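Trainee: sequence plus the predicted model coming up.
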Amino acid sequence: MTIRVKEDVVAPLVVTAVDLVSEEVIPEYNQYLSYAMTGLGYLGAWLNFGGSMVKQIGVASLPLTARNIRDLVKGGGVSRRVSFRPIRNPIRQTAFDEFSNVRVS
């Protein structure tokens, strides 16, 4: 059994690159891109479009789609990637001198 570089190596690299780049650049669309890669990959294989490369993109992106569906069912959705950042410089101004030493945590 031989390794076909285009289908067995490049297709998973394409899926990984799309996932990592979209998670950094457009995280709100990362979930939909994994659905699109899986759907287009399997649809392309079914319609004999794109050959083995397109099919392998669908196969390689299936775990991403399964993870996103699981998170959506559990209630995580896309919001699991959005996190609130702590306030770095909270306003410590007060109108009364007796409260000037109070620290906000």
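Mentor: Alright, I've got the coordinates. Numbers count the residues shown, from 1 in each chain.

Trainee: same question for the helix or strand in which residue 69 is found: list its buried residues.
Mentor: Residue 69 belongs to helix 51-74 when elements are defined using DSSP states H and E. Neighbour counts over helix 51-74 (16 or more other C-beta atoms under 10 Å) mark 54-62, 64-65, 68, 71 as buried. Placement of C-beta: from N, CA and C, glycine included.

Trainee: what of stretch 19-32?
Mentor: So, applying 16+ other C-beta under 10 Å, buried residues of stretch 19-32: 19, 22, 30, 31.

Trainee: just the element for residue 45, please.
Mentor: helix 30-46.

Trainee: ok, residue 7 touching residue 52?
Mentor: Yes: using C-beta atoms under 8 Å, residue 7 is in contact with residue 52, at 4.4 Å.

Trainee: any common contacting residues for those two?
Mentor: Counting by C-beta atoms under 8 Å, 6 or more residues apart in numbering, residue 7 and residue 52 have no shared contacts at all.

Trainee: what about the lowest-mean-pLDDT helix or strand in the chain, distance to the chain center?
Mentor: Here the helix or strand of the chain ranked lowest by mean pLDDT, DSSP states H and E is helix 51-74, holding a mean of 92. Mean C-alpha position of helix 51-74 versus that of the full chain (C-alpha atoms, centre = their mean, to the nearest Å) differs by 12 Å.

Trainee: now do stretch 17-35
Mentor: 4 Å.

Trainee: how about residue 49, secondary structure?
Mentor: Here residue 49 is recorded as coil under DSSP: H, G, I helix; E, B strand; the rest coil.
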